[in-house]
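Novice: output the structure for:
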Amino acid sequence: WDETFLIKSVRCLCELNEFDCSSINCSNTPLNSIVAILLSRYPQTLANIKKCKDALSMMVEEFPLTAWEVIKRILPSGESAIIGNAKPQFILTIIERKEISKEDYTNYVKFIFEKAICIAEKNLDKLADLLKYVVYLPLDYSTNLFNQIKSISSNKNDEEKYTVWSKLKELRHSIIKINN
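Specialist: Just a heads-up that it's a prediction; the model follows:
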């Protein structure tokens with residue numbers, strides 16, 4: 001993916017993703033393509049991190065539902081796997097996969113998480129979904145998430161809080177599993 005066309009390409013893929021692709025038994029879906037392009041651990045684009053951030057920001061503004069699904073899949077987690085795309089044969093000069101520095105990676109993950117918080121802002125279920133990523137985030141980001149959940153859940157009934165409690169229980173089990 002060339003840097004020049006990244007945002008336009010992602011916008012087109014977002015528009016295609018609005019069509020129901022669930023009946024197609026194929027991994028080559030618009031959502032999977034966006035994830036492959038924006039996945040920070042194994043970039044599938046020639047674009048720099050800033051362009052990737054711009055593409056993600058555009059998605060959050062124009063396609064929040066697609067952005068939410070992409071964000072959940074590109075945030076670091078113990079469940080993610082990376083499958084590379086084949087190098088296109090029609091490009092004469094292929095630039096080898098560029099490495100991303102640890103600092104750029106950390107800043108990109110923080111940016112993605114900030115966008116996730118923006119989308120989930122007042123939605124307790126979405127905030128609860130973000131709990132599984134807490135162990136992969138800096139402490140201040142985890143604290144921010146816990147504080148948002150605490151402030152929103154104070155106005156909810158027990159039934160609405162149940163989702164958060166079940167996700168917290170899963171988080172506790174995953175932390176115990178990591179530490180053993």
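Novice: the helices in this protein, which residues?
Specialist: Counting by DSSP state H, the chain has helices at residues 6-17, 30-38, 49-62, 64-74, 102-120, 124-129, 139-153, 158-179.
Novice: residue 19: how many residues sit nearby?
Specialist: Residues lying near residue 19 (other CB atoms under 10 Å) number 9. C-beta here means a position set from N, CA and C on the backbone, and glycine is covered the same way.
Novice: report the central residue of the chain.
Specialist: In the chain, the C-alpha nearest the mean C-alpha coordinate belongs to residue 71, at 1.9 Å (CA atoms, centre = their mean).
Novice: quick check, pLDDT for that residue.
Specialist: Here, the pLDDT recorded for residue 71 equals 94.
Novice: check contacts around it.
Specialist: Going by CB atoms under 8 Å, 6 or more residues apart in numbering, residue 71 touches 56, 112, 115, 116, 119.
Novice: okay if I get these as CSV plus distance to residue 174, neighbour count and pLDDT?
Specialist: Formatted as CSV, those follow (distance: CB to CB, whole Å; neighbours: other CB atoms under 10 Å; pLDDT from 0 to 100):
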residue, distance to residue 174, neighbour count, pLDDT
56, 26, 22, 93
112, 20, 23, 93
115, 23, 21, 93
116, 18, 24, 93
119, 23, 18, 91
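Novice: got the end-to-end distance for stretch 114-131?
Specialist: Distance between the two ends of stretch 114-131: 14 Å, counting by CA to CA, to the nearest Å.
Novice: what's it in contact with?
Specialist: Residues outside stretch 114-131 that contact it (CB under 8 Å, 6+ apart) are 56-57, 60, 64, 67-68, 71-72, 75, 113, 144-145, 148-149, 152-153, 156, 160-161, 163-164, 167-168, 170-171.
Novice: buried set for that stretch?
Specialist: Neighbour counts over stretch 114-131 (16 or more other CB atoms under 10 Å) mark 115, 116, 117, 119, 120, 124, 127, 128, 129, 130, 131 as buried.
Novice: go on, stretch 62-74?
Specialist: So stretch 62-74, judged by 16+ other CB under 10 Å, has buried residues 63, 66, 67, 68, 69, 70, 71, 72, 73, 74.
Novice: can you check stretch 47-57 too?
Specialist: Neighbour-count burial for stretch 47-57 [16+ other CB under 10 Å]: 47, 49, 51, 52, 53, 55, 56.
Novice: stretch 154-172 too?
Specialist: Neighbour counts over stretch 154-172 (16+ other CB under 10 Å) mark 161, 163, 164, 167, 171 as buried.
Novice: related to what we said a few turns ago, distance of the residue nearest to the centre of the chain from residue 112?
Specialist: 6 Å (CB to CB, to the nearest Å).
Novice: do you know how far residue 76 is from residue 134?
Specialist: 11 Å.
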